[in-house]
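Provided below are the primary sequence and the corresponding predicted coordinates.
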Amino acid sequence: MQIPCFIANWKMYKTIAESADYLHSFEKELQPLPQDAWEAILAPPYTALATVSQILKQVPLPIRLAAQNLYFEEQGAYTGEISPRMLRELCQYVIIGHSERRGLFGETDREINKKIRAAAKEGLIPILCVGETAEERREGKTWRVIERQLSEALDLGNLSEVLIAYEPVWAIGTGMTPHPSEAEAVHFQICNYLSQGEKSARILYGGSANDKNIEGFMKEPHINGVLAGGASLSPEVFAKIIKLGSAAKISR
Ligand code: 13P
């Protein structure tokens, strides 16, 4: 069985000091858990990466670090951007193609592909986000959209490891979620799609995931974890998600 993975996407929340406080409480909450049944990945804002990375070096728990984005060039005159090489010193993972980047910042599938390649070249593991809008869902286009996002993003030579996050855009920050069986059906299709290209990946669900609905999602066979936004901002709630989610996976 793949070890379930729980990712906290803090988005544009938390200062350096707030991030350090979070880590202290989070560590305490996670100490009593069996340490081989889960992996957590924190994705703080760029400004807190160095501090969180330093703190995690002192913490003997399976917690890794992700950036929320990157730029695909190695270096150069790109004011305000951060390269994979810079991130490599701080984290192991990077979120790519989040729907907020696609929707608010106009990121295209082609740019996402370049970012995936640039991350992999530098040894960062990409967490690729895919998902349909409410309108695409209504029109019955869910799989067509996701297949396009996957094929364009993953159009590359060799990618040794990737995580996929299925995040229906209509579920993000809304309190609405698909039924776990509906999410499972999409995860199953993603899994099949990847296996045709002789790839496999942990496939995580994202969109209003919380400590109340985590067990339902984690009981599904192809849901290997979650990518949480709002519910990950509290160390107590996110630790509860990990605790209940990993236990639900084991008891399946
Ligand atoms: P919410 O959990 O706040 O819906 O956000 C999900 C998300 O976008 C994680 O990347």
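Nice, I can see it.

Checking Ala77 next. Helix, strand or coil?
Using DSSP: H, G, I helix; E, B strand; the rest coil, the structure places Ala77 in coil.

what does the stretch 101-250 of the chain have sitting close to the ligand?
Within the stretch 101-250 of the chain, the positions near the ligand by CB under 6 Å from any ligand atom are Glu167, Ile172, Gly173, Gly206, Gly207, Ser208, Ala209, Leu227, Ala228, Gly229, Gly230, Ala231. The C-beta positions use only the backbone N, C-alpha and C, and glycine is treated the same way.

residue contacts, the fourth one?
For Gly206, the contact set (CB atoms under 8 Å, 6 or more residues apart in numbering) comprises 7, 9, 129, 131, 165-167, 171-172, 226-229.

Among the residues of the stretch 101-250 of the chain next to the ligand, which lie within strands?
Gly206, Leu227, Ala228 (DSSP state E).

related to what we said a few turns ago, narrow the residues of the stretch 101-250 of the chain next to the ligand to just the buried residues.
Neighbour-count burial (16 or more other CB atoms under 10 Å) applied to those gives Glu167, Ile172, Gly206, Gly207, Ser208, Ala209, Leu227, Ala228, Gly229, Gly230, Ala231.

between the contacts of Gly206, which is nearest the ligand?
Taking CB to the nearest ligand atom as the measure, the ligand lies nearest Gly229 of the contacts of Gly206, at 2.3 Å.

Pull up the per-residue confidence for the closest one.
Reported pLDDT at Gly229 in the predicted model: 98.

how distant is stretch 139-149 from the center of its chain?
Distance, stretch centre to chain centre, for stretch 139-149: 20 Å (CA atoms, centre = their mean, to the nearest Å).

buried stuff in it?
Thr142, Val145, Ile146, Gln149.

Columns pLDDT on top of the residues you listed, output as JSON lines?
Converted to JSON lines, those look like this (pLDDT from 0 to 100):
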{"residue": "Thr142", "pLDDT": "98"}
{"residue": "Val145", "pLDDT": "98"}
{"residue": "Ile146", "pLDDT": "97"}
{"residue": "Gln149", "pLDDT": "97"}
